[in-house]
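> What follows is a predicted protein model with its sequence.
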Amino acid sequence: MEPTIEQLKAFFDFCVRASNLLRDIALVRFDGRTSRIVILIGETIQVEILSNGENIIR
């Protein structure tokens, strides 16, 4: 299972925005069970990128 083009575009955009805010990206993982990219920014911000490129920020 691989990420979709929409996920990769959203991932790149989100990483650029996080780095522009001088935030550390602590973890990046592609979950093959749910087909989501999970990003941990710092110790508190969790982002999930769905297969259609939508972001869920927690």
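Yep, that arrived. On a predicted model such as this, the values are computed, not experimentally measured, just so you know.
> Which stretches in the chain count as strands?
Per DSSP state E, the chain carries strands over the ranges 25-31, 36-41, 45-49, 55-57.
> Identify the residues contacting the last one?
Read that as strand 55-57. 10, 14, 45-50 (Cβ atoms under 8 Å, 6 or more residues apart in numbering). (C-beta placed from N, C-alpha, C; glycine too.)
> rewinding a little: rebuild the strands of the chain as JSON lines, extending it with mean pLDDT, mean neighbour count and distance to Glu2.
Shown next, in JSON lines, are the strands of the chain (pLDDT from 0 to 100; neighbours: other Cβ atoms under 10 Å; distance: least, Cβ to Cβ, whole Å):
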{"stretch": "strand 25-31", "mean pLDDT": "95", "mean neighbour count": "12", "distance to Glu2": "8"}
{"stretch": "strand 36-41", "mean pLDDT": "96", "mean neighbour count": "18", "distance to Glu2": "11"}
{"stretch": "strand 45-49", "mean pLDDT": "95", "mean neighbour count": "18", "distance to Glu2": "13"}
{"stretch": "strand 55-57", "mean pLDDT": "94", "mean neighbour count": "12", "distance to Glu2": "19"}
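> Can I get those in a markdown table including distance to Met1?
As requested, these are exported to a markdown table (distance: least, Cβ to Cβ, whole Å):
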| stretch | distance to Met1 |
| --- | --- |
| strand 25-31 | 8 |
| strand 36-41 | 11 |
| strand 45-49 | 14 |
| strand 55-57 | 19 |
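> if I pick Glu2, what's in contact with it?
Contacts for Glu2 (Cβ under 8 Å, 6+ apart) come out as Phe30.
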